[in-house]
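# give the three-dimensional model of this entry:
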Amino acid sequence: MAMFPPCIPNYYIKKYSEKGQNVLDQFSGRGTTTLESCLLGRNGIGIDKNPLAYILTKSKVETPERQEIVNRINELWNMHSGDTADSCDLESVDWKIRMLYSDYTLSQILFLKDELKWREDSVDAFITALLLGIMHGHSNGYLSISMPNTFSMSPNYVKNYIEKNNLEKPNRNAFELLHKKLDRCYQVVRVKGKVYLSDARNLDMIDNDEIDLSITSPPYTRVIRYGDFNWIRLWLLGEDGKDIDKRLFCSGSLSEYEKFMTDVLKENYRILKDNSKAVYIIGDVKSRDKGDVVYNLAEFVWENCAKKVGFGLSSPILEDRIRDSSKVSRIWGETKGRATETDRILVLEK
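Numbering: from 1, shown residues only. Next up is the predicted model:
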């Protein structure tokens, strides 16, 4: 959700850093900046508080050997041995999940949910990322009934969609689809990165003056509910989408946003080397209660947060004119809420 195109970090990584240097993304999301850094020969470092984002980024820049992944999938398949979970086990699963999968498929998903130790093991983390990618969608490459989107619509919307279209839950083999997903997407970066499941305001794992360049896209007040829009995948990780949104920054208050971004920038300033840059991609948002008023959050962050922390403005704030159809606000059109089509690029200097 709300990703920016790879060409943006690619440009600034080349412009403001050299091979072998450390490039940080404090809100790594699906890992775009961290991956681009590694592809360009930098040491990509990703931080995110959302476990889903952590796994997606980790799978791209801390990728295990392919044969290790193949062996582990086969090991799990043999452990499961085709046994179907008893009806009691399945009936204990929330109806919101049960409506998506056949008993055959759900039994395999439950087994993998219990067995994959994604927090401790990089191979299991990669397989978990593969599984997250096939949890739901609209083709036979996914485990679920045919879904209208690969982000999670509300449970009631999905329930009505199933009933309206008379959908039947397919029997799909999770282990077979994991192998197919691996064949489609496996690649290894030349320079491995590092990813942490942590808060952007508390980067104790990084020393003072360690980072050569920071590129990130922070939250834009309460525009995207990252937990709610991924409730199915977060269930696989043992998390509740609404709980995740409570743990992440998700407020429409400008005063709360100012405090949050000031803390983020303070930590960023601490870990950046002198004369290095921090690039922030921040979208404009509409006011909650002032009609058509639109806030230029990039300007707001510069004037109210970055200046106070000690940053200088490296160049005038730029408007991102790329009209990338993958941007959520552009997909949803008139249903996009307070999101806008305008992103701005704030380049700060320590």
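
# show me where pLDDT drops low in this protein?
For the chain, applying pLDDT under 70 flags the ranges 1-3, 82-88, 150-151, 220-228, 241, 249-252, 288-291, 321-340.

# which neighbouring elements make contact with whichever strand in it runs longest?
Counting residues, the longest strand found in the chain (DSSP state E) is strand 272-286. Applying 3 or more CB pairs under 8 Å, 6 or more residues apart in numbering; DSSP states H and E, we find strand 272-286 packed against helix 7-16, strand 211-216, helix 254-271, strand 294-295, helix 297-301, strand 339-349. (Glycine included, C-beta is placed from N, CA and C.)

# for stretch 45-52, what is the distance to the chain centroid?
Relative to its chain's centre, stretch 45-52 lies at 7 Å (CA atoms, centre = their mean, to the nearest Å).

# from the opening residue of that stretch to its closing one, how far?
Terminal residues of stretch 45-52 are spaced 16 Å apart (CA to CA, to the nearest Å).

# which residues are contacting it?
Stretch 45-52 is contacted from outside by 22-29, 31, 33-34, 37, 54, 57-58, 61, 132, 193-200, 203, 206, 211, 226-227, 230, 233-234, 237, 239, 244, 247-248, using CB atoms under 8 Å, 6 or more residues apart in numbering.

# out of those residues, name the ones that lie in strands.
22-25, 194-197, 211.

# picking up where we left off before, in TSV: the helices and strands packed on strand 272-286, plus mean neighbour count and distance to G44.
Listed next are those as TSV, based on neighbours: other CB atoms under 10 Å; distance: least, CB to CB, whole Å:
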stretch	mean neighbour count	distance to G44
helix 7-16	18	9
strand 211-216	25	10
helix 254-271	19	15
strand 294-295	16	31
helix 297-301	22	24
strand 339-349	20	19
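
# just put those in a markdown table and tack on distance to E68.
Below are the helices and strands packed on strand 272-286 laid out as a markdown table (distance: least, CB to CB, whole Å):
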| stretch | distance to E68 |
| --- | --- |
| helix 7-16 | 29 |
| strand 211-216 | 31 |
| helix 254-271 | 32 |
| strand 294-295 | 48 |
| helix 297-301 | 42 |
| strand 339-349 | 39 |
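
# isn't A200 right up against D25?
No. At 9.4 Å, A200 does not count as touching D25 under the criterion of CB atoms under 8 Å.

# more neighbours: which of the two?
More crowded of A200 and D25, by other CB atoms under 10 Å: D25, with 29 against 25.

# excluding covalently adjacent residues, which one is nearest to that one?
Once flanking residues are discounted, D25 sits nearest to T33: 3.9 Å by CB to CB, 6 or more residues apart in numbering.

# number of residues surrounding the one you found?
T33 is flanked by 34 other residues according to other CB under 10 Å.

# and D204, by the same measure?
9.

# check the spacing between it and L112 real quick.
Distance, D204 to L112, using CB to CB, to the nearest Å: 32 Å.

# how about L90?
Distance of L90 to L112, computed by CB to CB: 15 Å.

# and I145, by the same measure?
As judged by CB to CB, I145 and L112 stand 19 Å apart.

# quick revisit: what subset of the contacts of stretch 45-52 is buried?
Using 16 or more other CB atoms under 10 Å as the burial test, those include 22-29, 31, 33-34, 37, 54, 57-58, 61, 132, 193-200, 203, 206, 211, 226-227, 230, 233-234, 237, 239, 244, 248 as buried.

# hang on, the earlier thing: CA atoms of the longest strand of the chain as CSV?
Provided in CSV are the C-alpha atoms of strand 272-286 (Å, rounded to 0.1, in the frame of the first residue of the first chain):
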residue,chain,number,x,y,z
LEU,A,272,23.4,10.6,9.8
LYS,A,273,26.9,11.7,9.0
ASP,A,274,27.8,15.4,8.7
ASN,A,275,26.9,16.8,5.3
SER,A,276,24.7,13.9,4.4
LYS,A,277,21.2,14.0,3.0
ALA,A,278,17.8,12.9,4.2
VAL,A,279,15.1,12.5,1.5
TYR,A,280,11.5,12.4,2.5
ILE,A,281,8.6,11.7,0.1
ILE,A,282,5.5,13.1,1.7
GLY,A,283,2.0,13.4,0.1
ASP,A,284,-0.4,16.3,0.4
VAL,A,285,-3.6,15.4,2.4
LYS,A,286,-7.0,17.0,2.6
